[in-house]
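Asks: Structure of the sequence below:
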Amino acid sequence: MAQKLYIKTFGCQMNEYDSARIADALALSHDLELTTQAEEADVLLLNTCSVREKAQEKVFSHLGRWRQWKSRRPDLVLGVGGCVASQEGDAIRQRAPYVDIVFGPQTLHRLPGMLDEVRRKQLPVIDISFPEIEKFDCLPEPRAQGPTAYVSVMEGCSKYCTFCVVPYTRGEEVSRPLDDVISEVASLARQNVREVTLLGQNVNAYCGRMGEDGESDLALLIEYLTAIDGIDRIRFTTSHPREFGPSLIKAYKDIAALASHVHLPVQSGSDRILTQMKRGHTVLEYKSTIRQIRVARPGISISSDFIIGFPGETDADFLATMSLIDELEFDHSYSFIYSPRPGTPAAGMPDDVPHEVKQLRLKQLQTRISELAAAYSQAMVGSVQHVLVEGISRKSEQQLTGRTSNNRSVNFTGPQDLIGNFVDIEITEALPNSLRGVMLQNHHNTLVNQSVNWS
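Replies: Model prediction:
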């Protein structure tokens, strides 16, 4: 009977992508079958994220539970990967000596060999080195899990914002060669993937080798990918305002397959705080970029990130952030209370905004963003949206679910053979976290012949 693998993933889409590639690699090398039941697994892995507060505590909480299982089953293999592993390294083994494998985001492709070594020598293995782009050359062809897929096009970040651990846990920016990304996306298209999301910690800094001595930016990469038969929609995340240049803005005017949604973190609406964060852009420059994007693609949905209560943030600084939100009318946000990350420059600054003040400000910001998002959703009622049908709705087995170009989830009634196809949906109702709609009748007849069974 095949042995089983369980992966608990924390954090961003990059980690989700990495976990999927770990599963691919271990399925090929050890015939490990992925399971959602941790108790029945033979190999248990944590793929960690150190961006948010209490990341380490979450890791050791999981490991504490798994330790009890390992005491009963000594052959159970426990591994910790991702950014916490990269940051902590040997310290994980010191605090949890029962962990067998510690690996970084850049060494996940070495897991098959590490697993062999643990089982052969009965000794722990740690590899948190930074072998740059090697992992992409060593991983097997990705296996599609439905009509959408993530594709990592670059790793790391070289911006060194004062609050962020990414440059220390994932290293400096390294881009994959253009041909390698095209090859991976073409492989996914052959498996009936219709939409890809290009991933990078700072994805719009993509600068991939092209031919002998050329280089491709993100806009040119997107242009090449749209030429792949079957790839009808492209998204990318996460971007940095400093590198959202003219060619990428022009892509929103020229490339219809580029989704009408952009996530562009600003973090604060105060120039003083942006300087403290070492973001490298002003509020005026950010607003100018958003204005140009909206000219290139009218009606585009804009989302952003905000850090609330950064060291030294005054009431005036916070009001400047709220003013920016009102002016630009963001559609969605990822917003968090500031907490110091060990090893970052900001960790040495006085964390002088009281926690209660941070909480009040966060609630105020999130309430305003929710109001804006609700207004956007309500404005979509009556419109017809081109929706990629992703699967059966979680709300009802009689309904399907899909996503609009501007990143809204839509539930509607329709036959399951539409999964993997694009359909036109008239939006009939706006709910807090999704839309409802009805399928325009002409679609089932034209699309059923090219439908794919993703079950």
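Asks: Do you have the strands of the stretch 51-200 of the chain handy? List them.
Replies: For the stretch 51-200 of the chain, the strands defined by DSSP state E, counting those that start in this stretch cover 77-82, 101-103, 125-127, 148-152, 154-155, 174-175, 195-199.
Asks: Dump those strands into a markdown table; add mean neighbour count and distance to residue 440 as well.
Replies: C-beta here means a position set from N, CA and C on the backbone, and glycine is covered the same way. Formatted as a markdown table, the strands of the stretch 51-200 of the chain follow (neighbours: other CB atoms under 10 Å; distance: least, CB to CB, whole Å):
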| stretch | mean neighbour count | distance to residue 440 |
| --- | --- | --- |
| strand 77-82 | 24 | 43 |
| strand 101-103 | 25 | 49 |
| strand 125-127 | 19 | 53 |
| strand 148-152 | 21 | 22 |
| strand 154-155 | 25 | 39 |
| strand 174-175 | 22 | 41 |
| strand 195-199 | 22 | 20 |
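Asks: can you tell which of those strands is closest to residue 209?
Replies: strand 174-175 (7.6 Å; CB to CB).
Asks: which strands and helices sit next to that closest one?
Replies: Where contact means 3 or more CB pairs under 8 Å, 6 or more residues apart in numbering; DSSP states H and E, strand 174-175 is packed against strand 154-155, strand 207-210.
Asks: which residues are in contact with it?
Replies: With CB atoms under 8 Å, 6 or more residues apart in numbering as the test, strand 174-175 has contacts from 132, 133, 153, 154, 155, 156, 200, 205, 206, 207, 208, 209.
Asks: and that strand, which strands flank it?
Replies: Using DSSP bridges, strand 174-175 pairs in its sheet with strand 154-155 (antiparallel).
Asks: Average pLDDT for the partner strand, rounded please.
Replies: The average pLDDT for strand 154-155 rounds to 90.
Asks: The nearest residue to residue 131 once chain neighbours are set aside and residue 125, how far apart?
Replies: In this structure, residue 131 finds its nearest non-sequential neighbour in residue 106, 5.7 Å apart by CB to CB, 6 or more residues apart in numbering. The gap separating residue 106 from residue 125 is 15 Å, by CB to CB, to the nearest Å.
Asks: quick one: the strands in the stretch 251-400 of the chain?
Replies: Under DSSP E, counting those that start in this stretch, the stretch 251-400 of the chain gives strands at 261-263, 301-308, 332-337, 384-392, 399-403.
Asks: okay, those in JSON lines with mean pLDDT, mean neighbour count and distance to residue 370 next?
Replies: Listed next are the strands of the stretch 251-400 of the chain as JSON lines, based on pLDDT from 0 to 100; neighbours: other CB atoms under 10 Å; distance: least, CB to CB, whole Å:
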{"stretch": "strand 261-263", "mean pLDDT": "97", "mean neighbour count": "23", "distance to residue 370": "17"}
{"stretch": "strand 301-308", "mean pLDDT": "97", "mean neighbour count": "21", "distance to residue 370": "13"}
{"stretch": "strand 332-337", "mean pLDDT": "94", "mean neighbour count": "18", "distance to residue 370": "9"}
{"stretch": "strand 384-392", "mean pLDDT": "96", "mean neighbour count": "20", "distance to residue 370": "21"}
{"stretch": "strand 399-403", "mean pLDDT": "96", "mean neighbour count": "21", "distance to residue 370": "20"}
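Asks: isn't residue 221 right next to residue 154, touching?
Replies: No. Look at residue 221 against residue 154 with CB atoms under 8 Å: they stay out of range, at 10.0 Å.
Asks: My guess is residue 144 contacts residue 189. True?
Replies: No. Judged on CB under 8 Å, residue 144 makes no contact with residue 189 at a distance of 9.0 Å.
Asks: biggest helix in this structure, by residue count?
Replies: With secondary structure taken from DSSP state H, the chain has its longest helix at helix 355-380.
Asks: quick revisit: show me the one of the strands of the stretch 251-400 of the chain that comes nearest residue 59.
Replies: Of all these, it is strand 332-337 that lies closest to residue 59, at 18.7 Å by CB to CB.
Asks: name the helices or strands packed onto the closest one?
Replies: Short answer (3+ CB pairs under 8 Å, 6+ apart): strand 332-337 packs on strand 301-308, helix 355-380.
Asks: Now do the buried residues in the last one.
Replies: If I follow you right, that is helix 355-380. Residues 358, 361, 362, 365, 368, 369, 372, 373, 376, 377, 380 are the ones in helix 355-380 that count as buried (16 or more other CB atoms under 10 Å).
Asks: Excluding sequence neighbours, find me the nearest residue to the last one.
Replies: The shortest distance from residue 380 to any residue other than its chain neighbours is 4.9 Å, reached at residue 427 (CB to CB, 6+ apart).
Asks: Please save the CA atoms from the helix or strand hosting that neighbour in PDB.
Replies: Using DSSP states H and E, residue 427 sits in strand 422-430. Output of strand 422-430 as PDB, limited to C-alpha atoms (Å, rounded to 0.1, in the frame of the first residue of the first chain):
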ATOM      1  CA  PHE A 422     -15.500  30.200 -19.500                       C
ATOM      2  CA  VAL A 423     -19.100  31.200 -19.400                       C
ATOM      3  CA  ASP A 424     -21.000  34.500 -19.400                       C
ATOM      4  CA  ILE A 425     -22.900  35.100 -16.200                       C
ATOM      5  CA  GLU A 426     -25.400  37.800 -15.500                       C
ATOM      6  CA  ILE A 427     -24.900  39.000 -11.900                       C
ATOM      7  CA  THR A 428     -28.200  39.000 -10.000                       C
ATOM      8  CA  GLU A 429     -27.100  39.500  -6.400                       C
ATOM      9  CA  ALA A 430     -24.200  40.900  -4.400                       C
END
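Asks: Okay, now the sheet partners of it, with direction.
Replies: Applying DSSP bridges, one finds strand 422-430 paired with strand 384-392 (antiparallel), strand 435-439 (antiparallel).
Asks: Report the inter-axis angle for it versus helix 355-380.
Replies: 110 degrees (axes from the mean of the first three to the mean of the last three CA atoms, to 10 degrees).
Asks: Can you point out the buried residues in strand 422-430?
Replies: Per 16+ other CB under 10 Å, strand 422-430 contains these buried residues: 422, 423, 425, 427, 430.
Asks: could you pull out the helices for the stretch 51-200 of the chain?
Replies: 55-72, 83-88, 90-95, 111-121, 134-138, 166-169, 178-190 (DSSP state H, counting those that start in this stretch).
Asks: so which of those helices comes closest to residue 29?
Replies: helix 111-121 (3.5 Å).
Asks: how distant is that closest one from the center of its chain?
Replies: 29 Å (CA atoms, centre = their mean, to the nearest Å).
Asks: Right, I'll call it a day here.
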